[in-house]
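Novice: Quick one: sequence and predicted model below, then my questions.
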Amino acid sequence: MEGTDISQLKAGDQHYLAYVGPPDQYDFMGATQFRLLCTLGLRANHSLLDFGCGSLRAGRLFLNYLDEGRYFGIEPNQWLIEGAINKMVGRDLVAIKKPRFDYNSDFMTNVFSERFDFIVAQSVFSHASGDLINIALHNFKASLKPTGIIVATFFKGDSDYDGSGWVYPGCVSYRHSTIERFAKEAGLFIAQLPWYHPRQTWYTFSIDQGRIPNKSMLQHLSGAVLFSPEFADSWDKTSKGAGLIRKSAPGVWAKSIKKGLKKLIEKGGP
């Protein structure tokens, strides 16, 4: 990445690699978003709103994957997008893929006059007060296709942030019950996802309850990272998540195991 010694940067520094989060995890945080959305059904012909797209940490991957004109980004700091285009993405790819960007800081999503199949907001609500989260979720719902889904992260904690406005680079937390209340007030169904995140918790929202992963689906969402000591805790976190799913849906796991054994017997062994 342009020869920058990222070891000298820290999260929040005025550099396109660092302003959006820990610079040494820049590549991973983009890749894990891409993996998650593809697992949830994202395909090249879908329209995606990358809300708070920053320096295209995930956007550079989505841009390559999505068809022309299917990627949309909202980011108040235009310099982050320009830095990413100039240093990583390139003007040629932008000319080919024709992404659309908007730089409003008002959590407005109707600026493109589009309805989206997917909306992703990674590390946005971890800096937002409850009033901003309510505005954002209501706006997301209005810009979502009837079967579309929203995927967002929160800092889940034992208490709720009771301040107002935008907090950056500081972070704020909310209880799980409060996050569920945000969804209910916006008229959205919600589920917590057991997908690995080094610091936050993934949630998905939809107008259509049928687009919320059920318990048997959740067991396939781990996001565990192999052969990377830096993310070794992903094994621990996803194992705990799987344990909770097994506990809450033992019948699903039993049927899955029986089905697998039956296949092995029919094939004559492993």
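Specialist: Arrived safely. Numbers count the residues shown, from 1 in each chain.
Novice: Any regions of this structure where pLDDT drops low?
Specialist: For the chain, residues meeting the criterion pLDDT under 70 lie at 1-7, 9-14, 16-19, 237-270.
Novice: Helices of that one, start to end?
Specialist: Shown for the chain, the helices assigned by DSSP state H span residues 26-39, 59-65, 78-84, 91-97, 130-142, 176-185, 215-218, 233-248, 250-267.
Novice: ok, and for stretch 210-223, which residues are buried?
Specialist: R211, I212, P213, L218, Q219, L221, S222, G223 (16 or more other CB atoms under 10 Å). All C-beta spots, glycine's among them, are computed from the backbone N, C-alpha and C.
Novice: what's the distance between the fifth one and G90?
Specialist: From Q219 over to G90 the distance is 39 Å, taken as CB to CB, to the nearest Å.
Novice: looking at it, S173 is touching S159, isn't it?
Specialist: Yes - counting by CB atoms under 8 Å, S159 is a contact partner of S173 at 6.7 Å.
Novice: Compare those two and say which one has the larger neighbour count.
Specialist: S173 (16 against 10; other CB atoms under 10 Å).
Novice: Report the spatially closest residue to that one, excluding sequence-adjacent ones.
Specialist: Among residues not flanking S173 along the chain, G157 sits closest, at 3.0 Å (CB to CB, 6 or more residues apart in numbering).
Novice: cool, and H197?
Specialist: T153 (6.1 Å).
Novice: Burial check on that neighbour, number of neighbours?
Specialist: Neighbours of T153 using other CB under 10 Å come to 21.
Novice: Contacts only, for it.
Specialist: A121, Q122, S123, V124, F125, S126, H197, Q200, T201, W202, Y203 (CB atoms under 8 Å, 6 or more residues apart in numbering).
Novice: which one of the residues you listed sits closest to L40?
Specialist: W202 (10.1 Å; CB to CB).
Novice: surely that closest one meets L193?
Specialist: Yes - with contact defined as CB under 8 Å, W202 counts as touching L193 (4.1 Å).
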